[in-house]
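Colleague: quick one, fold the following:
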Amino acid sequence: MKHSKRASLEGIGLQFFAMGNLDAIQQKRTDILQRMTEAVQANDREKFTQAFSDLADAVGESILGDVRALRDAQDENILAARGCRVLTSQERQYYEAVIGAMKSDDPKQALTNINKVLPETVIDAVFEDLVTSHPLLAEIDFRNTGALVKILLSTTGGAAKWGPLGKTITAELSANFIELDLSLASLTAFLPVNRYMLDLGPAWLDRYVRELLSEALAVELETGIISGNGKDAPIGMMKKLTGAVDGVYSDKTAVAVTDLSPASYGPLLATLSKGPNGKSRAVSRVLLVVNPEDYFTRVFPATTVRAADGTYSKDVFPFPTTVVQSAAVPAGKAVMGLPAKYFMGLGTQSGGKIEYSDEYKFLERQRIYAIFLYGYGRAMDENAFLLLDISGLKGAALEVRVTELPAGESAGGKA
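Modeller: Prediction:
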């Protein structure tokens, strides 16, 4: 009884300790992800690799802390609350085979001999984690394309047309579709795995793989979706869809925005309402993506108003607008557009596996593995997104109007 009580108290203490350090752990991850984003934007491979290694350590430390806190827990609900899924039999068999291969003296050969591929359910879970944790990915048309190589997309709301069927009509209909080659860009997700992680078992290895994949993919995806130049990468929201030079697309001309009044906001919305081929489209909501620092120094002051009772309301726009913060947006800039009009497809290579990698030999503490994915993204049309220059955006000002008083009256009452 005493032992049970002490164990219970220890569990409470460990949970309290974990809760107390939750903010610090999250801040550490945020700082690391910021370094990764900056390294991607600067194309600094060495800094990205070091930041990614730090992220792997942080994820590993978090998992080890939960393992210690829950070392006696068998309740699946408790484990699920800490990020562990109930694995399917296929997933368990796969991870057990991978763990055995990773522990061998020749992991590269052992992994090659595994005839099982990464279960689709694992990739599905990674996509769920990505969408749940990253608002930008939840807003756009972000799809798990599986092992598809090409995908056909409609660029307009409808593909039907009244009239006699003929070559002209057929040509008009076919012009409403674009074919995206998802093999144009690839992502290699590296997995630094310490040997101790393999001893924790399939469920914890699954959590490690999902967390690391989700965080690493999110950084690369957001950067590609916002500012990708189209060369071995998506065409970002900031880019023109025409005029590529050697496969590189240039930035759109930034529209200067100094205030967010209806008079200034209306013309921006009018541009977004112009669909392909000069056709108009209804716009019911827009997305505004800004750098986190710009949000608090420019957008927040411009969209926060004070009511007569002294309370404040933030993100007040003259039109339904969802604001998303992303470190991938350059300082002083913002992207405004129709989120459903950006498609991003990502999938595994055919027969995708976790493979041994010799690429990062300087990380001697860990064995490095890799999962290869491919995907592509672009806006559906040129007017779906606008690049804004918000460097001169001013704070919101309370408008006061003085009306002419009747003759013989003053502001304080009758004369």
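Colleague: neighbours of Ala256, just the number please.
Modeller: 11 (other CB atoms under 10 Å). Using the backbone N, CA and C atoms, a C-beta is placed for each residue, glycine as well.
Colleague: not counting its neighbours along the chain, what's nearest it?
Modeller: Asp389 (4.6 Å; CB to CB, 6 or more residues apart in numbering).
Colleague: contacting residues for that neighbour?
Modeller: Ala254, Val255, Ala256, Val257, Gly332, Lys333 (CB atoms under 8 Å, 6 or more residues apart in numbering).
Colleague: what sits closest to Ser280 if chain neighbours are left out?
Modeller: Ser273 (5.7 Å).
Colleague: contacting residues around the one you found?
Modeller: By CB under 8 Å, 6+ apart, the neighbours of Ser273 are Ser280, Arg281, Ala282, Val283.
Colleague: mind redoing it with 6 Å?
Modeller: Ser280, Arg281, Val283 (CB atoms under 6 Å, 6 or more residues apart in numbering).
Colleague: likewise for Arg35?
Modeller: Taking CB under 6 Å, 6+ apart, we find Arg35 in contact with Ala51.
Colleague: give me the pLDDT value at it.
Modeller: On the pLDDT scale, Arg35 is placed at 88.
Colleague: CA atoms of the helix or strand hosting it as CSV?
Modeller: Per DSSP states H and E: Arg35 is located in helix 22-42. Presented in CSV, the C-alpha positions along helix 22-42 are these (Å, rounded to 0.1, in the frame of the first residue of the first chain):
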residue,chain,number,x,y,z
LEU,A,22,5.6,22.6,-20.9
ASP,A,23,6.0,26.2,-21.8
ALA,A,24,9.8,26.0,-21.7
ILE,A,25,9.8,23.0,-24.0
GLN,A,26,7.4,24.6,-26.4
GLN,A,27,9.5,27.8,-26.5
LYS,A,28,12.6,25.7,-27.2
ARG,A,29,10.9,24.0,-30.1
THR,A,30,9.6,27.4,-31.4
ASP,A,31,13.1,28.8,-31.3
ILE,A,32,14.6,25.8,-33.1
LEU,A,33,11.9,25.9,-35.8
GLN,A,34,12.6,29.6,-36.3
ARG,A,35,16.3,28.8,-36.9
MET,A,36,15.3,26.1,-39.4
THR,A,37,13.1,28.5,-41.3
GLU,A,38,15.8,31.2,-41.4
ALA,A,39,18.3,28.5,-42.6
VAL,A,40,15.9,27.4,-45.4
GLN,A,41,15.4,31.0,-46.5
ALA,A,42,19.2,31.7,-46.5
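Colleague: next SSE downstream of that helix?
Modeller: Downstream of helix 22-42, the next assigned helix or strand under DSSP H and E is helix 45-69.
Colleague: quick one: the helices in this structure?
Modeller: 2-20, 22-42, 45-69, 76-81, 89-103, 107-113, 120-133, 135-139, 167-174, 195-198, 202-227, 262-272, 292-294, 300-302 (DSSP state H).
Colleague: can you redo these as CSV with distance to Gly377?
Modeller: Converted to CSV, the helices of the chain look like this (distance: least, CB to CB, whole Å):
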stretch, distance to Gly377
helix 2-20, 37
helix 22-42, 15
helix 45-69, 20
helix 76-81, 32
helix 89-103, 28
helix 107-113, 30
helix 120-133, 13
helix 135-139, 11
helix 167-174, 22
helix 195-198, 32
helix 202-227, 6
helix 262-272, 19
helix 292-294, 22
helix 300-302, 29
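Colleague: out of these, nearest to Gln325?
Modeller: helix 292-294 (4.4 Å; CB to CB).
Colleague: stretch 286-306 spans what distance, first to last residue?
Modeller: 24 Å (CA to CA, to the nearest Å).
Colleague: contacting residues around it?
Modeller: With contact meaning CB under 6 Å, 6+ apart, stretch 286-306 is reached by 139, 260, 312-316, 321-326, 329, 331, 334-337, 339, 390, 393, 395-396.
Colleague: are any of the residues you listed buried, and if so which?
Modeller: By neighbour count, with 16 or more other CB atoms under 10 Å, the contacts of stretch 286-306 hold 139, 260, 321, 323-326, 329, 334-337, 339, 390, 393, 396 as buried.
Colleague: Val299: how many residues sit nearby?
Modeller: Counted with other CB under 10 Å, Val299 comes out at 23.
Colleague: with adjacent residues omitted, what lies nearest to His134?
Modeller: Nearest to His134 is Ala218, by CB to CB, 6+ apart, at 4.9 Å.
Colleague: confidence score at the one you found?
Modeller: 83.
Colleague: touching, it and Pro135? I think so.
Modeller: No: assessed by CB atoms under 6 Å, Ala218 is found out of contact with Pro135, at 10.6 Å.
Colleague: in stretch 370-390, which residues are buried?
Modeller: Neighbour count says stretch 370-390 has 370-371, 373-381, 383-388, 390 buried, by 16+ other CB under 10 Å.
Colleague: dump that stretch to PDB, keeping only the CA atoms.
Modeller: Provided in PDB are the C-alpha atoms of stretch 370-390 (Å, rounded to 0.1, in the frame of the first residue of the first chain):
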ATOM      1  CA  ALA A 370      15.500   9.100 -44.400                       C
ATOM      2  CA  ILE A 371      12.000   9.000 -45.900                       C
ATOM      3  CA  PHE A 372      11.700  10.300 -49.400                       C
ATOM      4  CA  LEU A 373       8.600  12.200 -50.400                       C
ATOM      5  CA  TYR A 374       7.600  14.200 -53.500                       C
ATOM      6  CA  GLY A 375       5.000  16.900 -54.100                       C
ATOM      7  CA  TYR A 376       4.200  20.100 -55.800                       C
ATOM      8  CA  GLY A 377       2.100  23.200 -55.200                       C
ATOM      9  CA  ARG A 378       0.800  26.300 -56.900                       C
ATOM     10  CA  ALA A 379      -2.000  28.800 -57.000                       C
ATOM     11  CA  MET A 380      -4.900  27.900 -59.300                       C
ATOM     12  CA  ASP A 381      -4.700  31.300 -61.100                       C
ATOM     13  CA  GLU A 382      -2.800  34.600 -61.100                       C
ATOM     14  CA  ASN A 383      -5.300  36.600 -59.100                       C
ATOM     15  CA  ALA A 384      -5.900  34.100 -56.400                       C
ATOM     16  CA  PHE A 385      -3.200  35.700 -54.200                       C
ATOM     17  CA  LEU A 386      -1.700  39.200 -53.800                       C
ATOM     18  CA  LEU A 387       1.600  40.200 -52.500                       C
ATOM     19  CA  LEU A 388       1.300  43.200 -50.100                       C
ATOM     20  CA  ASP A 389       3.800  45.700 -48.900                       C
ATOM     21  CA  ILE A 390       2.800  46.500 -45.300                       C
END
